[in-house]
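J.: mind looking at a prediction? Sequence and model below.
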Amino acid sequence: MFHVERAPPQTADVLVVGAGHAGLEAAFAAARMGARTTLVTLRLATIGRMPCNPAVGGQAKGHLVREIDALGGAMAEVADATTIQFKYLNTSKGLAVRSSRAQVDRHLYQRRIHQRALATPNLTLLEGEVTALLECGGAVVGVELADGTRLGTEAVVLTTGTFLKGSLHTGMHARSGGGNGAPSADALSASLAAAGHRMGRLKTGTVPRLDGRTIDWDQLRVQQGDSPGGRLGFVSEPSSLPQIRCRVTATSEATHDVLRAGLRHSPLYGEQATVEGVGPRYCPSIEDKIHRFPDKGSHRVFLEPEGLSTPEVYPNGFSTSLPVATQLLALRTIPGLEQVQVVRPGYAIEYDFADPSDLTPALMSQHVQGLFLAGQLNGTTGYEEAAAQGLTAGINAVRWHRSEPPVVLGRDRAYAGVLVDDLCRLGTREPYRMFTSRAEWRLLLREDNADLRLTPLGRGLGLVDDRRWRLFEARREAIARGQALLEMPVNPGGAVDVWLEAAGEPAVSKPMTLAVLLQRQTLPLTELAAAAGVDLSFLAPDEAEQVLITARYAGYLRRQADDVRRLVELAGLGIPAGFDFGSLSGLKAEIAEKLTLVRPETLADASRIPGVTPAALTLLAGRLRRAL
């Protein structure tokens, strides 16, 4: 970081560095809020590229994408326009853990979001390498490019992904790079460290890309998408593209024998291991899998076409950094891949990240005012986690520029709030991935109600345009009308009892509303309402679903909302130093161990520790109140 006595002439209100998913959402948000925004990237041709799997969403990630969309972000809309297979996951499980996943044409996705960037008012794109941050009086005042150009601004959002001191590893061969043929950015890491940020090393992996024309598809089990397909966005149209079928295969002992024999040339496990960074626990490489789970005879591999106009196939589950020859030999032991050709080999990428506990909940640096960090730079993994952070950082960069208070989403309001709070409060020692289990209020934070939770906020920030707002208001009003109609009283012996008897259901035993009667899990909404003389045909399918959820799960939703209110009231309750968490009767040993290790100072601090449940907090609150 360079200290300057005088700021360079201002060229932008907000300057975003990096044009991956985090950088694009940050830039779109800042520009849409009316700020003059400049987006600087190493290569304009790689804007919005999907370097990993060709998919958006997934377990808990779908929640993040829906929240981004509800706030006026771009990811869901672009994904919906380029989806080639859609699946709604965990449909046999509870509402809280159901998530959407869209496999997209990665080339169309990149082209579409690049075009959106070019067409966005208030947004200027610039190709160049940012090598240093400029600081004056403890605040960022601009950046310096590799050619010596200085760009002045009051707010900088860094979204450098895996490019800081990036190193690519295939077997024992290592080379500098940030992935996908782009160069590494080495100088900026030193600038962050000089500013006081604690830097570390992480690792992630890629899969080899396969030539689909050399795969024997006929012998493999088909993985169908949903029909009809769904959508990630609340107001965008479902994809009109042809929908594809994926296939699934699996490794065998023969595969594992090849992989084990190649470990001596692995940059992770070889005699001269060259990778020091910590890899993602929940997305391990294939060599990690056979090393950590030696008794497991096979591992599934999902074959996902990368687009409609390319033969390239993504073997999801086969991330590797072994030598190219070993990769090919191992792949050819897998059913369906006996004659496969590798288009591009897999590799590991090691890179610098900044400890996110050096950030405020607004994602602003605690060391340099006006400097915001987002995405993999903060130790996360995944497009969706990056995009959610980018949107948050972009919003708060504009608000910093305008001397307005930051926007901080609470853990009870959004998965994005859980993500940011986990990072800033706890930091991370390994690539962070979002899971539904991390959200203690997940029943309130469902995919289906993300717009009801967040679109009014997006409108107030200037992120939600008039068309989206009109559609949202119409949806909200329809849902409210449907809920009001379900308050109609139902008495024993009436028309509803006749319908219930014909349906083989017990009659109404006492006066109640239709909403209460719908808490019987087997009763369909529209048919029951019609039997009572209530017409709900004005509800769109997603609106009817929202009305049914509110009625059917009213008790659970009310209980969780009460828990949130109670914990908010007790958030400042202090925990004495040396408190014996193990003495709490009914507290699980693993939770007591976590609390003892972290030593939270208040109940609010305890609530942010992953795995500490609302029930555990209630126990703790009860003991603390008795001690007062």
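T.: Perfect, I can see it now. Residues are numbered from 1 along each chain as shown.
J.: first-to-last residue distance for stretch 455-467?
T.: Taking Cα to Cα, to the nearest Å, the first and last residues of stretch 455-467 lie 12 Å apart.
J.: quick one: buried residues of it?
T.: 455-459, 461, 463-464 (16 or more other Cβ atoms under 10 Å). From N, CA and C alone the C-beta is placed, and that goes for glycine too.
J.: which outside residues touch it?
T.: Residues outside stretch 455-467 that contact it (Cβ atoms under 8 Å, 6 or more residues apart in numbering) are 29, 32-34, 70-73, 234-235, 395, 407, 468-469, 472.
J.: contacting residues for the closest residue to Arg300 other than its chain neighbours?
T.: Distance criterion Cβ to Cβ, 6 or more residues apart in numbering; nearest residue to Arg300, sequence neighbours excluded, is Ala250 at 5.0 Å. Contact analysis of Ala250 by Cβ under 8 Å, 6+ apart lists 298-301, 334-335.
J.: got the confidence number for Ala250?
T.: Ala250 is assigned a predicted lDDT (pLDDT) of 97.
J.: and what of Gly177?
T.: For Gly177, the model assigns a pLDDT of 81.
J.: same thing with Glu593?
T.: Listed pLDDT for Glu593 reads 90.
J.: which positions in stretch 348-357 come out as buried?
T.: 348-356.
J.: then stretch 402-411 to CSV, C-alphas only?
T.: Provided in CSV are the C-alpha atoms of stretch 402-411 (Å, rounded to 0.1, in the frame of the first residue of the first chain):
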residue,chain,number,x,y,z
ARG,A,402,-22.4,9.0,0.5
SER,A,403,-21.6,9.1,4.2
GLU,A,404,-24.7,6.9,4.9
PRO,A,405,-24.8,4.1,7.5
PRO,A,406,-24.0,0.6,6.2
VAL,A,407,-26.5,-2.1,5.4
VAL,A,408,-25.9,-5.2,7.6
LEU,A,409,-28.3,-8.1,7.1
GLY,A,410,-29.0,-10.0,10.4
ARG,A,411,-28.7,-13.8,10.7
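J.: contacts for it next, please.
T.: Here stretch 402-411 has contacts from 360-362, 364, 392, 395-396, 399-400, 416-418, 420-421, 439-441, 457, 461, 607-608, using Cβ under 8 Å, 6+ apart.
J.: can you select the buried ones from these in ChimeraX?
T.: This is how ChimeraX selects the buried members of these, with burial counted by 16+ other Cβ under 10 Å:
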select :361,362,364,392,395,396,399,400,416,417,418,420,421,439,440,441,457,461,607,608
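J.: nearest spatial neighbour of Leu584, chain-adjacent residues omitted?
T.: In space, Leu584 is closest to Leu619, 5.5 Å off (Cβ to Cβ, 6+ apart).
J.: domain-wise, how is this structure divided?
T.: Split into domains by automatic domain parsing, the chain comes to 209-348, 466-556, 571-627.
J.: one step back: show the buried residues in the contacts of stretch 455-467.
T.: In those, the ones that pass as buried (16+ other Cβ under 10 Å) are 29, 32-33, 70-73, 234-235, 395, 407, 468-469, 472.
J.: gap between the residue nearest to Arg300 and Leu337?
T.: 11 Å (Cβ to Cβ, to the nearest Å).
J.: residue boundaries of the helices in the stretch 1-150 of the chain?
T.: All helices of the stretch 1-150 of the chain, identified by DSSP state H, counting those that start in this stretch, fall at 21-32, 61-70, 75-82, 106-119.
J.: Cys136 is nearest to which of the ones you listed?
T.: Of all the helices of the stretch 1-150 of the chain, it is helix 21-32 that lies closest to Cys136, at 21.6 Å by Cβ to Cβ.
J.: for the closest one, enumerate the helices and strands it packs against.
T.: strand 14-17, strand 37-41, helix 106-119, strand 123-127, strand 155-158, helix 383-401 (3 or more Cβ pairs under 8 Å, 6 or more residues apart in numbering; DSSP states H and E).
J.: what do you get if the cut-off is 6 Å, keeping everything else the same?
T.: If you count contacts as 3 or more Cβ pairs under 6 Å, 6 or more residues apart in numbering; DSSP states H and E, helix 21-32 packs onto strand 14-17, strand 37-41, helix 383-401.
J.: would JSON lines of these with mean pLDDT be doable?
T.: Converted to JSON lines, the helices and strands packed on helix 21-32 look like this (pLDDT from 0 to 100):
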{"stretch": "strand 14-17", "mean pLDDT": "98"}
{"stretch": "strand 37-41", "mean pLDDT": "97"}
{"stretch": "helix 383-401", "mean pLDDT": "98"}
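J.: save the ones you listed as CSV, and put in distance to Gly317 too.
T.: Shown next, in CSV, are those (distance: least, Cβ to Cβ, whole Å):
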stretch, distance to Gly317
strand 14-17, 33
strand 37-41, 31
helix 383-401, 18
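J.: so which of those gets nearest His256?
T.: His256 sits nearest to helix 383-401 of all the helices and strands packed on helix 21-32, at 30.2 Å, using Cβ to Cβ.
J.: count of neighbours near the nearest residue to Glu447 once chain neighbours are set aside?
T.: Nearest residue to Glu447, sequence neighbours excluded (Cβ to Cβ, 6+ apart): Arg66, at 4.8 Å. Neighbour count for Arg66, taken as other Cβ atoms under 10 Å: 31.
J.: gap between Arg66 and Ala507?
T.: In terms of Cβ to Cβ, Arg66 sits 40 Å off from Ala507.
J.: over to Glu501?
T.: Glu501 is 6 Å from Ala507, by Cβ to Cβ.
J.: what's the pLDDT at Asn180?
T.: 69.
J.: which other residues reach stretch 574-589?
T.: 592, 595-596, 600, 602, 616, 619 (Cβ atoms under 6 Å, 6 or more residues apart in numbering).
J.: go with 8 Å
T.: 591-592, 595-596, 599-603, 605-606, 616, 619-620, 623-624, 627.
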